[in-house]
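Q: My questions concern the predicted model and sequence given below.
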Amino acid sequence: MKIGLSTCSKPFCEELFKEYAEAGISAMEISYNLETTNQFDFALAKEYADKYGIELWSLHLPFMPFSIIDISRPELAEASLEFYSKTLLKANRDAGITRFVIHPSGERIAEEDRPLRLATAREHILKLADVAKSVDSIILVEDLPRLCLANCSDEILYLTEGHDSLKVVFDTNHLLHEDIGEFIKKVGNRIASTHISDYDFIDEKHWLPGEGMIDWDKLYKDLVSVGYDGAWLYELGFVAPKTLTTRSRDLTCKDFYNNAQEIFNGRKITVI
């Protein structure tokens, strides 16, 4: 698997592409917030990517604030779909990006609201998949934690079945209601990308593999067993979050490369 890394915790600049290349990271997921959408220069990103040999693997579509953008809320779904469609087409045209990550809902949905929110999300994700298909691209629906939609394999399969441009991005630290191995087995070859990070099985933490409770040797082998061969793409910050007090220093791009190589080769993971 190629090693990838999200830009979610780093300023977007040419130096970042250079750091990726020098560390052996060959895939990038562009991630930015809603406020910077109109200012983001996809053509410049493509220029840097070509210069340093980095694949623009995916774009994480903005998902906050939930009061403005949420494809599962009936009163926001049409506007969210329009925004996502325009962003997708621009990123594809200017940078050649063909994979687009979407959160199927915002936070904490009451049980009585869940059927409507699931149906609304599915209806509009299917429409977005049609837009993606028109430019030979795919939508990657992300599994989410807590009471969000897609917090288990049954819901994520419901949201992605029935369209060949709908796939899944497997976030390894979001599963709070289902065993990781069972999720991988049930979702299977619908997994087309990953968000790699570790956690304590209590809530999402976005720690480096080895800092939490996941059995990484098993997870990697389970992914291989269902035919996954896409990017092993990390999604966590370089600076340790307040929930982690054991890391001795900030991470570097090379740390992600080394961590991946240890997992790929079944070696003991170095804890920094």
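A: On my side now, so go ahead.

Q: For the chain, give me the ranges with low pLDDT.
A: Counting by pLDDT under 70, the ranges of the chain that qualify are 35.

Q: Strands along that one, start to end?
A: In the chain, the strands defined using DSSP state E lie at 3-6, 27-31, 55-60, 99-102, 138-142, 166-171, 191-195, 232-234.

Q: would JSON lines of the ones you listed with distance to residue 208 and mean neighbour count be doable?
A: To be clear about C-beta, it is placed using only N, CA and C from the backbone, and glycine gets the same treatment. Below are the strands of the chain laid out as JSON lines (distance: least, C-beta to C-beta, whole Å; neighbours: other C-beta atoms under 10 Å):
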{"stretch": "strand 3-6", "distance to residue 208": "12", "mean neighbour count": "26"}
{"stretch": "strand 27-31", "distance to residue 208": "17", "mean neighbour count": "23"}
{"stretch": "strand 55-60", "distance to residue 208": "19", "mean neighbour count": "23"}
{"stretch": "strand 99-102", "distance to residue 208": "20", "mean neighbour count": "24"}
{"stretch": "strand 138-142", "distance to residue 208": "20", "mean neighbour count": "25"}
{"stretch": "strand 166-171", "distance to residue 208": "15", "mean neighbour count": "24"}
{"stretch": "strand 191-195", "distance to residue 208": "13", "mean neighbour count": "23"}
{"stretch": "strand 232-234", "distance to residue 208": "8", "mean neighbour count": "25"}
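
Q: Serialize the ones you listed to JSON lines and add fields for distance to residue 268.
A: Formatted as JSON lines, these follow (distance: least, C-beta to C-beta, whole Å):
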{"stretch": "strand 3-6", "distance to residue 268": "19"}
{"stretch": "strand 27-31", "distance to residue 268": "25"}
{"stretch": "strand 55-60", "distance to residue 268": "28"}
{"stretch": "strand 99-102", "distance to residue 268": "31"}
{"stretch": "strand 138-142", "distance to residue 268": "30"}
{"stretch": "strand 166-171", "distance to residue 268": "24"}
{"stretch": "strand 191-195", "distance to residue 268": "22"}
{"stretch": "strand 232-234", "distance to residue 268": "18"}
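
Q: nearest to residue 209, of those strands?
A: strand 232-234 (8.4 Å; C-beta to C-beta).

Q: And that closest one, what does it pack against?
A: strand 3-6, strand 191-195, helix 253-264 (3 or more C-beta pairs under 8 Å, 6 or more residues apart in numbering; DSSP states H and E).

Q: I'd like the ones you listed laid out as CSV, including distance to residue 149.
A: Converted to CSV, these look like this (distance: least, C-beta to C-beta, whole Å):
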stretch, distance to residue 149
strand 3-6, 21
strand 191-195, 16
helix 253-264, 29
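
Q: Mind listing the residues bridging to the spatially most central residue of the chain?
A: In the chain, the C-alpha nearest the mean C-alpha coordinate belongs to residue 195, at 4.6 Å (C-alpha atoms, centre = their mean). Under the criterion DSSP bridges, residue 195 forms beta bridges with residue 171.
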